[in-house]
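Asker: take this sequence and fold it.
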Amino acid sequence: MDNLVEINHLHFSRNDRPIFRGVDIVIPRGKITAIMGPSGSGKTTLLQLIGGQLTPSKGQVIAAGKNVHNLSNNELYTLRKRMGMLFQSGGLFSHLDVFENVAFPLREHTNLSDEMIRSLVLLKLQMVGLRGARHLMPSELSGGMSRRVALARAIALDPDLIMYDEPLSGQDPITMGVLLKLMRTLNDALGLTTIVVSHDVQEILTIADHVYVIAEGKLIGKGSANLINEDGSPQLQQFLNGWPDGPVPFHYKAVSLEQDILERSGL
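Answerer: Predicted coordinates:
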């Protein structure tokens, strides 16, 4: 199968507010696929749907040939072992040092010896350049180091799929460069399939093989980085270039300011 994940005619709502309205996305094996869109467009929600944490109101999410939302709890648990996740906050356990954070999934999901776990953890930390920081606590790490430890933990079980939720958020330019290089290198060296959701447009476009842009519940652009940049859609160009004025209004829908003020004053 050429596609590790296939999303077909996906519909999903929160509190009667549509998030997705018939979205179709394919995630090719061995590639980095970027999911982009304005804040609130459902990027993180999409990852939760792929992982089976949420259920669509209509449509299918197929991962590794399995309909995610038709699986039993045990089957879903087994599928999730094949997925790595880098959370937006990093999500490190504050009471465990770097080594034990990375060792956690190995202790939880395998019967490996302590010696084998030690070797694997050191290898994963070496990949992200932090083997020498294995005894540090999360409170002693910079933001960029925390993300790299979280990445080492995400690949501890050698997953088929790794998902990144806003991996560059709040990072300085040097740390961004380090993380981008790691994401590309690990994807290619380990034969991973990568999904990254982000609104750091130009940075992510430098490593993405395929790009999908979502807004108002629908796809407004898809293709390679070059095709996305060349797409003439006004809504897509507004997002890519950060223009405040365009098809997406700056102001949230409301009655006129004059009417609002008069109603509050009782006039």
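
Asker: so for stretch 40-53, mean pLDDT?
Answerer: On average, the pLDDT along stretch 40-53 is 90.

Asker: meant to ask about stretch 159-178, not that
Answerer: Confidence for stretch 159-178, expressed as mean pLDDT, is 88.

Asker: what's the answer for stretch 9-25, then?
Answerer: Averaging the model's pLDDT scores along stretch 9-25 yields 90.

Asker: ok, the residue lying closest to Gln171 once chain neighbours are set aside - how many residues close by?
Answerer: Nearest residue to Gln171 in three dimensions, chain neighbours excluded: Gly144, at 5.7 Å (C-beta to C-beta, 6 or more residues apart in numbering). C-beta here means a position set from N, CA and C on the backbone, and glycine is covered the same way. Look at Gly144: counted by other C-beta atoms under 10 Å, it has 18 neighbours.

Asker: and for the one 5 residues further on?
Answerer: By other C-beta under 10 Å, 26 other residues sit near Val149.

Asker: what about it, which SS state?
Answerer: Three-state call for Val149 (DSSP: H, G, I helix; E, B strand; the rest coil): helix.

Asker: from the chain's centre, how far out does the helix or strand of the chain with the lowest mean pLDDT sit?
Answerer: None of the helices or strands of the chain scores lower by mean pLDDT, DSSP states H and E than helix 234-241, at a mean of 73. Computed by C-alpha atoms, centre = their mean, to the nearest Å, the chain-centroid distance of helix 234-241 equals 21 Å.

Asker: returning to what we had before: report the contact partners of the residue nearest to Gln171.
Answerer: Taking C-beta atoms under 8 Å, 6 or more residues apart in numbering, we find Gly144 in contact with Gln171, Asp172, Ile174, Thr175, Val178, Leu179.
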